[in-house]
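Enquirer: For reference, the sequence and a predicted model appear below.
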Amino acid sequence: MHDDRTLVEARLKRVLEERIRPAVYPASVPLTVSIWTAPGEPVPVAEGLAAPRSPIAVGDAWGAPWGTSWITVTGTVPQDWAGRTVEALIDLGFDANMPGFQCEGLVYRPDGTPVKGLNPQNQWVRIAAPAVGGEPVLLHVEAAANPVILDYHPFLPTELGDRETAGDKPQYRLERMDLAVFDETVWQLVMDLEVLGELMAELPVDGARRWDVLRAVERALDTVDLQDVNGTAAAARSHLTEVLAAPAAPSAHRISAIGHAHIDSAWLWPLRETVRKVARTTANMTALLEDEPDFLYTMSQAQQFAWIKEHRPEVYARVKKAVADGRFVPAGGMWVESDTNMPSSEAMARQFVHGKRFFLEEFGVENEEAWLPDTFGFTGGLPQIIRNAGSKWLLTQKISWSQVNKFPHHTFLWEGIDGTRIFTHFPPVDTYNCSMKGSEIAHAARNFKDKGVARHSLAPTGWGDGGGGTTREMVAKAARLRDLEGSATVRWERPAEFFAKAEAEYPKPPVWVGELYLELHRATLTSQARTKQGNRRSENLLREAELWCATAALRTGHPYPYERLDRIWKTVLLHQFHDILPGSSIAWVHREAEATYAGLAAELEELIGAAQQALAGDPAGGRALVFNGAPHGRSAVPAGGAAAAAAVAAGATGAGGCAVTAREGGGFVLDNGLLRVAVDGDGLVVSAVDAASGREAVAPGTRANLLQLHPDFPNMWDAWDVDAFYRNTVTDLVDADEVAVHADGPEEVAVRVARSFGSSTVVQTLTLRAGSGRLDIDTEVDWHETEKFLKAAFPLDVHTERYAAETQFGHQFRPTHTNTSWDAAKFEACNHRFVHLAEPGWGVALVTPSTYGHDVTRTVRAADGGTTTTVRFSLLRAPRFPDPRTDQGLHRFRHALVPGAGIGDAVREGYAVGLPERRVTGTAEAVRPLVALDEDALVVSAVKLADDGSGDLVVRVYEAGGGRARGRLTTSFPLASAVPCDLLERPWDGTRGEVVVDGDGVRLALRPFELVTLRLTPSA
């Protein structure tokens, strides 16, 4: 037989596109259209429905950027359409290639009942089936003119990302606005041909199945009368029945499909628009669930459920019913799909606390899976947090985006820093927006790396980010792929059903130990510094607010602000979403975030101040009491408690006072008996000697605290990425405008250094305080560069193959070398409060309150053969997309160099640098801490009252050194009981270490990095 395969395939493509698809709507009449545009921000539904309309026609422009227009369509069903299926086709000016990134609409009935969303791939609204001739049609559309930020030429700077700069030029033109007959037989033929055509393209050319399908398709095309598609569609379908009924091979890959719409809680749109995106999508999905009995849908992010509960209660009622029916599945058990690199230990824990609690209280649902398809890498501290939240599975897809190395597994056990293992799945379909295309299904089967020992994978299916979720076309395709020869099988299954099957079939999966590092989007650790600082400041203030409010409540009866703390936590957690905290959203988002953080800080300071004053007593005639919110004692102030100022003075000077002297050759020497620091005439640190060991920290021939400027123009994803080639060009900022003594007293000495470069200036203050082995470096940058990357370099005389960087509830190690491509790819990485390098017996820590990005490199010196290991903090970037003015303006940073530091010192100083002591005037003698630990390796991460209002005290403790630790937690109140709990403060038997109540305390024996949550009940 002659090979006519390409001829038939080309015929299918043209006939389907030009004849059969258009015949799905064989008859139509235009609708009458009118419009009202809200003058500012979106208005309530009732106001939009009642507003006066003006005529508008197809082809007319509408929609200034970020504007909202209420569009009304009216018409009448023609008499000769009686008994047929009739739909309204409403095209707001969509681009079908951009689902979710442009205009959208939510359709309402005249009484204000929402119907469904309108999206580029979902433009229809069912009017009647069967229709009644002469029936009037009246629909209202709340149309959002969200501008296209990520266009066909991506990453171009644009002013459209903020309403304040976007202008008022209309963005869209109305396209089709019709009432039309829907021919389901033709639509089903389209689905048949799409599925078979896409299947053919994935089958081997020399296989019989491809040719069987080809001939069946050819017979169907021969049967279609191109001048009467609607009259011949049923006959054409009959030729496809046999090939569509052929069952899949017993060994076929098995895909669990779940309806899904990944909706970024903010990104290329502001938070307020996400509220509406969620409403449109959930209206769509509840409607589709009613139409399709086999379909299942899942949605993560408790915040998004809470939004529709507050803003669209009529949609939420439909969601609640679908959840109760088991069809709409809450997933993930987190408040938002957060970043996991940068949130603190407590914040990461609270994501699960607030997410799971919302689902439990609203739906009676407890998730066992964490659902993070789009997060930019995962720290080694996360598995333990997942487990302590009562979950056991993780789904993500993002690691497939890595630039260099292909991850070796799709289903595996992920082991965290403490040894906790979580059953983890990466969908091999390599997307969280699967559309049931044959190419996607075939890719999932081919790509699956665990063939031979496992057969199941999951496919999140639907358009996200306002694309409307799963479509009826996707559901129809899935039905045909349920059991089809040549394809993987497809079933609609809930995430828990998938995980249970996958875990059962794969009892001994491979193990991946340590962080899941994404080899992409590394610059998200630095972009939008104000957002990152606002996050860390909020985390620290929440720690203090909970601590002091709990202390005041138990000591004085001061009211504990349950509701305010709950609200503040949820706001902070929202802003840890994986496009807000990472700095990859439009200007509008980060402008609002800065204002939000300022408001939270003021409120938290008020809570802290009121609680501390209640503890300190009457300020009139009192003396200064010092409150220490850090988990370690300092200046004679106990951890997490308070002591009189006299006690502070007794322990303040340590080894002696401070002195600053002129340095030979220029510059100054700062000395406090514990640390001796030399600053040269350029204001750079040329020596930092730890007095206890006599050891020099700064590598010979180098200078530390060296600011370095790089060009920074990545190949893609400007705010997200920094590419390795940025290192090829560097400018050392060594010229100083001023180097002068800033403070010269017995309690502290400081040198001030001023520099200017490009269009920017920087002022640094290097401070050495009495009794401290830490050199504090405060940096103020007035930043006006474009597409540049500013780093602060510390070349250290330390020989080590690895270094430690703090993460949640511990630290993780990374190599200092580039032996493998996996090592080399980690050229920018995350830290929390410290980076620590050590040789046996001696180390150096660099600590910071709020700088997350860093890099570590090593070289061997030619002069003496020693090793220089350089740590560089990443201070600022200046990408132009999606915010064209990212990080412009004034910034303040603090970093500190701690020579001679062990891991315990790094932990202690990391907390101390971000939790300064507070002084309050009062008449109290002292305020004892509620709890105390006698082992420094055991660190308290939270002290708070239990969320249930019982008055119990909740204390969270973790082992911070990476070893086993024993200690005793004592209370300063009579203790009735102590119960180990999960993160949701429920009794839990999952603690692996030893927890024994012992009189007025609890004996603890924890494994490396183990965390334990204790619920302490005071005696009556």
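Expert: Arrived safely.
Enquirer: Going by C-alpha atoms from here, please, whenever you check contacts or count neighbours.
Expert: OK.
Enquirer: Show me what secondary structure element comes after the longest helix seen in the chain.
Expert: Secondary structure of the chain per DSSP state H: the longest helix is helix 587-616. Using DSSP states H and E, the helix or strand that directly follows helix 587-616 along the chain is strand 623-628.
Enquirer: Give me the angle between that following strand and helix 587-616.
Expert: Taking axes from the mean of the first three to the mean of the last three C-alpha atoms, to 10 degrees, one finds strand 623-628 and helix 587-616 inclined to each other by 130 degrees.
Enquirer: Surely Phe834 and Tyr911 touch.
Expert: No - Phe834 lies out of contact with Tyr911 (C-alpha atoms under 8 Å); the separation is 9.2 Å.
Enquirer: Show me which of those two is the more surrounded one.
Expert: Phe834 (30 against 21; other C-alpha atoms under 10 Å).
Enquirer: State the pLDDT value of the residue lying closest to the more buried one once chain neighbours are set aside.
Expert: Once flanking residues are discounted, Phe834 sits nearest to Val847: 4.2 Å by C-alpha to C-alpha, 6 or more residues apart in numbering. pLDDT recorded at Val847 is 98.
Enquirer: same deal with the one 5 residues further on?
Expert: Predicted confidence (pLDDT) at Tyr852: the value is 98.
Enquirer: tell me the contacts of it?
Expert: Contacts for Tyr852 (C-alpha atoms under 8 Å, 6 or more residues apart in numbering) come out as Met342, Leu525, Thr526, Ala829, Cys830, Asn831, His832, Arg833, Phe873, Ser874.
Enquirer: Let's have those residues in CSV, adding neighbour count, secondary structure and distance to Leu193.
Expert: What follows is the contacts of Tyr852, written out as CSV (neighbours: other C-alpha atoms under 10 Å; DSSP: H, G, I helix; E, B strand; the rest coil; distance: C-alpha to C-alpha, whole Å):
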residue, neighbour count, secondary structure, distance to Leu193
Met342, 29, coil, 48
Leu525, 28, helix, 47
Thr526, 30, coil, 49
Ala829, 22, strand, 48
Cys830, 26, strand, 49
Asn831, 25, coil, 52
His832, 25, coil, 54
Arg833, 27, coil, 57
Phe873, 29, strand, 56
Ser874, 25, strand, 54
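Enquirer: which of the residues in stretch 954-968 are buried?
Expert: Residues of stretch 954-968 classed as buried by neighbour count (16 or more other C-alpha atoms under 10 Å): 954-962, 964-968.
Enquirer: and what of stretch 758-765?
Expert: In stretch 758-765, counting by 16+ other C-alpha under 10 Å, buried: Thr761, Val762, Val763, Gln764, Thr765.
Enquirer: In contact with the closest residue to Arg327 other than its chain neighbours: list those residues for me.
Expert: Closest residue to Arg327 apart from its sequence neighbours, by C-alpha to C-alpha, 6+ apart: Leu296 at 5.0 Å. By C-alpha under 8 Å, 6+ apart, the contact set of Leu296 is Ile258, Gly259, Leu289, Arg327, Phe328, Val329, Trp492, Glu493, Arg494.
Enquirer: Out of those, which sit inside helices?
Expert: Mapping those onto helices (DSSP H) picks out Leu289.
Enquirer: Could you list the low-pLDDT ranges of the chain?
Expert: 635-656 (pLDDT under 70).
Enquirer: coming back round to it: which one among the contacts of Leu296 gets closest to Asp168?
Expert: The shortest gap between Asp168 and any of the contacts of Leu296 belongs to Gly259, at 36.5 Å (C-alpha to C-alpha).
Enquirer: Please verify my assumption that that closest one contacts Gly468.
Expert: No - if you go by C-alpha under 8 Å, Gly259 and Gly468 don't touch, sitting 10.9 Å apart.
Enquirer: Spit out the residues that contact those two alike.
Expert: Gly462.
Enquirer: ok, those two, which is more surrounded?
Expert: Gly468 (33 against 30).
Enquirer: and the more buried one, how far is that from Ala261?
Expert: For Gly468, the distance to Ala261 (C-alpha to C-alpha, to the nearest Å) stands at 7 Å.
Enquirer: residues shared between the contacts of these two?
Expert: Thr281, Gly462.
Enquirer: Show me the residue sitting in the middle of the chain in space.
Expert: The chain has His578 as the residue nearest its centroid, 2.3 Å off, counting by C-alpha atoms, centre = their mean.
Enquirer: Can you classify Glu361 by secondary structure?
Expert: Secondary structure assignment for Glu361 (DSSP: H, G, I helix; E, B strand; the rest coil): helix.
Enquirer: follow-up on the earlier one: show the contacting residues for the residue nearest to the centre of the chain.
Expert: Contacts for His578 (C-alpha under 8 Å, 6+ apart) come out as Glu337, Ser338, Asp339, Asp374, Thr375, Phe376.
Enquirer: go on, Asn405?
Expert: Applying C-alpha under 8 Å, 6+ apart, the residues near Asn405 are Glu519, Ser821, Trp822.
Enquirer: Glu142 is in contact with Thr68, correct?
Expert: Yes - the pair Thr68 / Glu142 is scored as a contact, 6.9 Å apart, by C-alpha under 8 Å.
Enquirer: so the residue nearest to Phe834 touches Val913, yeah?
Expert: Yes - with contacts counted by C-alpha under 8 Å, Val847 reaches Val913, the gap being 7.4 Å.
Enquirer: Which one of the two is surrounded by more residues?
Expert: The neighbour comparison of Val847 against Val913 (other C-alpha under 10 Å) goes to Val847, with 32 against 20.
Enquirer: Neighbours of Glu41, how many?
Expert: Residues near Glu41, counting by other C-alpha under 10 Å, number 11.
Enquirer: quick one: it from Val698, how far?
Expert: From Glu41 to Val698 the distance is 56 Å (C-alpha to C-alpha).
Enquirer: same question, Gly773
Expert: Gly773 sits 15 Å away from Val698, taking C-alpha to C-alpha as the criterion.
Enquirer: Asn341 too?
Expert: Counting by C-alpha to C-alpha, the gap from Asn341 to Val698 is 29 Å.
Enquirer: can you give me the strands in the stretch 301-450 of the chain?
Expert: Along the stretch 301-450 of the chain, counting by DSSP state E, counting those that start in this stretch, strands occupy 328-330, 369-371, 393-395, 411-415, 421-425.
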